[in-house]
Each structure stands twice: as structure tokens, then as C-alpha cells.
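Enquirer: Compute the structure for the input listed below.
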Amino acid sequence: MNSKDKALKYFSEGLHCSQSVLAAFADECGISEEMAFKLGSCFGSGMRKGNVCGACTGALMVLGLLFGEEHSGVPEERQRSNKINDMMLDRFKQTYGTFICNELLGCDMSTPEGVQYARSKGLFKEFCPKMVAGAVDILEDIIEEMKTDGIDNN
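Expert: You can find the predicted model right below:
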């Protein structure tokens with residue numbers, strides 16, 4: 001099963017978008033699925049406040065684990081982390097118009113009414129899986145680019 005299929009499977013089983021994306025890459029990141037589930041558990045629905053889409057956040061966690069800073073005070077590592085962060089969010093925004101959950105869903109995920117609206121419109125079943133799949137596609141492209149540029153996993 002490829003990473004996108006894994007992420008969509010996890011999401012269909014009720015995991016948050018953030019957990020689903022991160023867990024799909026758990027092996028590659030050197031963590032267990034359980035650790036990925038725990039680490040990603042507070043980032044779904046834009047950290048439950050409609051901020052950055054959890055699928056993007058999960059992807060950023062993967063990129064951080066694969067290519068992020070390992071040492072304090074190493075400017076090249078900070079620059080690399082900043083670069084991959086910008087690549088992920090910029091590409092997601094370019095593809096979907098925004099990376100903000102509330103804007104993607106058209107409701108305020110920080111309120112019970114917003115969550116109810118998203119449920120009643122089937123957004124978690126119809127729209128969010130597209131964001132999970134899209135985040136995985138962008139993430140895989142960035143991973144491949146980093147490796148092509150000779151930047152291997154930490």
C-alpha cells in the first residue's frame with residue numbers, strides 16, 4: 001500500500017488528518033505508527049481552531065523528521081527547515097487557494113456550530129480526504145526533490 005492509500009485509510013478509520021499523513025510515513029521517519037498517532041493527535045482541524053490544515057501540519061512533521069534541524073546554532077539546518085516549510089505551505093496554497101482549515105472548509109472549526117456545519121455538509125467525508133491526498137502528493141514531491149538535491153534524511 002502506498003503512502004497516499006495509507007493516509008486515506010487512516011483518515012477513513014477516524015484519525016485526524018494530521019495523524020493520517022504522519023502515520024503514513026512513520027516507517028520512513030523512523031517512528032512507530034502509535035508514536036505518529038500520538039504526535040499528530042492535537043493538530044487535526046487546524047489544531048481544533050481552524051488554523052493551518054492538519055494535513056499540512058502532518059506533512060510538516062514528516063519533513064521535520066526527515067530533513068529538519070538536528071543541532072542548535074547551525075544556520076544551514078535552520079535554512080533547510082525554513083525552506084521545506086515554505087515549500088510545503090506555498091505549494092498547498094497554490095493548489096488549494098489557502099492552507100487555513102477554516103478557509104478551506106468555509107466554517108469556523110473552533111465552534112461547535114462550525115464542526116456541525118462541516119459534518120452536515122459531509123466535509124469530513126468528501127472534502128478532507130482530498131486535502132489529505134493532496135498533502136501527501138505535495139509531500140512526496142518535496143521528499144523526492146530533497147533527495148535529488150543530495151539532501152538525504154538526517
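Enquirer: what's the burial count for Gly150?
Expert: Residues lying near Gly150 (other CB atoms under 10 Å) number 6. For glycine as for every other residue, the C-beta is placed from the backbone atoms N, C-alpha and C.
Enquirer: what about the helices in this structure?
Expert: Assigned helices in the chain, in chain order: 3-12, 17-24, 26-29, 33-40, 44-45, 54-67, 75-96, 101-105, 112-120, 123-126, 128-148 (criterion: DSSP state H).
Enquirer: buried ones in the longest one?
Expert: Looking back up the chat, that one is helix 75-96. Glu77, Arg80, Ser81, Ile84, Met87, Met88, Leu89, Arg91, Phe92, Tyr96 (16 or more other CB atoms under 10 Å).
Enquirer: will you turn these into JSON lines that also has pLDDT and distance to Asp27?
Expert: Formatted as JSON lines, the buried residues of helix 75-96 follow (pLDDT from 0 to 100; distance: CB to CB, whole Å):
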{"residue": "Glu77", "pLDDT": "91", "distance to Asp27": "23"}
{"residue": "Arg80", "pLDDT": "93", "distance to Asp27": "22"}
{"residue": "Ser81", "pLDDT": "93", "distance to Asp27": "22"}
{"residue": "Ile84", "pLDDT": "95", "distance to Asp27": "20"}
{"residue": "Met87", "pLDDT": "97", "distance to Asp27": "22"}
{"residue": "Met88", "pLDDT": "98", "distance to Asp27": "20"}
{"residue": "Leu89", "pLDDT": "98", "distance to Asp27": "25"}
{"residue": "Arg91", "pLDDT": "98", "distance to Asp27": "24"}
{"residue": "Phe92", "pLDDT": "98", "distance to Asp27": "23"}
{"residue": "Tyr96", "pLDDT": "98", "distance to Asp27": "27"}
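Enquirer: what's the spacing between Gln116 and Lys125?
Expert: For Gln116, the distance to Lys125 (CB to CB, to the nearest Å) stands at 14 Å.
Enquirer: for this structure, where's the lowest mean pLDDT among helices and strands?
Expert: helix 44-45 (a mean of 94; mean pLDDT, DSSP states H and E).
Enquirer: isn't Pro123 right next to Met109, touching?
Expert: Just so we're on the same page, residue 123 is Leu rather than Pro. No: with contact defined as CB atoms under 8 Å, Leu123 does not reach Met109; the gap is 9.9 Å.
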